[in-house]
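Engineer: Predicted model and sequence below, questions to follow.
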Amino acid sequence: MEDKKSLLISRSRLNLLLLPLFLAVLLGGCGDNNFSDLQQYIVDVKAKPKGTIEPLPEVKPVESFVFKPEGLRDPFKSISESEEAEDTSVATGDGIKPDISRRKEELEAFPLEDLRMVGTVTMKASLWGLVKASDKTIYRVQVGNYMGKNYGKIIRILTDKIELMEIVPDKPGAWREQQTSLALTE
């Protein structure tokens, strides 16, 4: 039993002695010291002209914005409650107001941002506009038709745009007219 222990101890001592020798031989292979290509690369890189650093872009000041919630829809009420409130304000307001008793046309189901003018066609000496909705359907419109969610009435059709007069809420119980247009996109 003691022979085995002494044998193990002598083997571990031998391993400890041979390890530095092995490492020295292993590292001796790296002693070539032929780094001339690496040194030449470093010289080449250092010899290149220094580039200029572009200046930081100018930071433009942002205009301050004061939020005034008067006349806007309450975000804590559902949309249907807000629409009911708008309908009652339509009836009580004086001056400009949308005709809510009028039967809505097909293009009034789409917001104006979802509609694209794709062309015009002349029929019986009058110019008609071709409007593509977000459902990929193309509709033919003429002066007097309505489109968009803001009671937009077509007032003029040109070869490159359709002009509308919208009626938008201005403040509770009041409306105002706003002219907008739908430009030819395709």
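Structural biologist: Yep, it's here. Since this is a predicted model, take the numbers as computed values, not measurements.
Engineer: Going by C-alpha atoms from here, please, whenever you check contacts or count neighbours.
Structural biologist: Noted.
Engineer: Give me the pLDDT for the most centrally placed residue in the chain.
Structural biologist: The centroid of the chain falls nearest to E113 when counting by Cα atoms, centre = their mean (15.3 Å). Looking at E113, its pLDDT is 91.
Engineer: can you count the residues close to S10?
Structural biologist: By the measure other Cα atoms under 10 Å, the count of residues near S10 is 12.
Engineer: Would you mind naming the helix or strand containing it?
Structural biologist: S10 belongs to helix 2-28 when assigned by DSSP states H and E.
Engineer: after that helix comes which helix or strand?
Structural biologist: helix 36-47.
Engineer: for the record, mean pLDDT for that following helix?
Structural biologist: 90.
Engineer: Going forward, count from 10.
Structural biologist: Fine by me, first position is 10 from now on; the one you just mentioned is helix 45-56.
Engineer: Need the CA coordinates for it. CSV is fine.
Structural biologist: The C-alpha trace of helix 45-56 is given here as CSV (Å, rounded to 0.1, in the frame of the first residue of the first chain):
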residue,chain,number,x,y,z
SER,A,45,8.7,41.6,-40.3
ASP,A,46,5.3,41.4,-42.2
LEU,A,47,3.5,42.6,-39.1
GLN,A,48,5.9,45.4,-38.4
GLN,A,49,5.7,46.5,-42.1
TYR,A,50,1.9,46.6,-41.8
ILE,A,51,2.1,48.8,-38.7
VAL,A,52,4.5,51.2,-40.5
ASP,A,53,2.1,51.3,-43.5
VAL,A,54,-0.9,52.1,-41.3
LYS,A,55,1.0,54.8,-39.5
ALA,A,56,2.2,56.4,-42.7
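Engineer: Quick one: distance of that helix to the chain centre.
Structural biologist: Taking Cα atoms, centre = their mean, to the nearest Å, one finds helix 45-56 lying 47 Å from the centre of the chain it belongs to.
Engineer: try stretch 179-195
Structural biologist: Using Cα atoms, centre = their mean, the offset of stretch 179-195 from its chain centre is 24 Å.
Engineer: What strands line up against the helix or strand where S190 lies, and which way round?
Structural biologist: Assigned by DSSP H and E, S190 belongs to strand 183-192. Its sheet considered, strand 183-192 pairs with strand 170-180 (antiparallel) by DSSP bridges.
Engineer: who's in contact with the partner strand?
Structural biologist: 79-81, 105-107, 126, 138, 159-166, 184-193 (Cα atoms under 8 Å, 6 or more residues apart in numbering).
Engineer: Could I get the buried residue list for it?
Structural biologist: For strand 170-180, burial by neighbour count (16 or more other Cα atoms under 10 Å) applies to K170, I171, E172, L173, M174, E175, I176, V177, P178.
Engineer: Tell me the pLDDT of the nearest residue to the third one once chain neighbours are set aside.
Structural biologist: So that's E172. Closest residue to E172 apart from its sequence neighbours, by Cα to Cα, 6 or more residues apart in numbering: S190 at 4.2 Å. For S190, the pLDDT comes out at 90.
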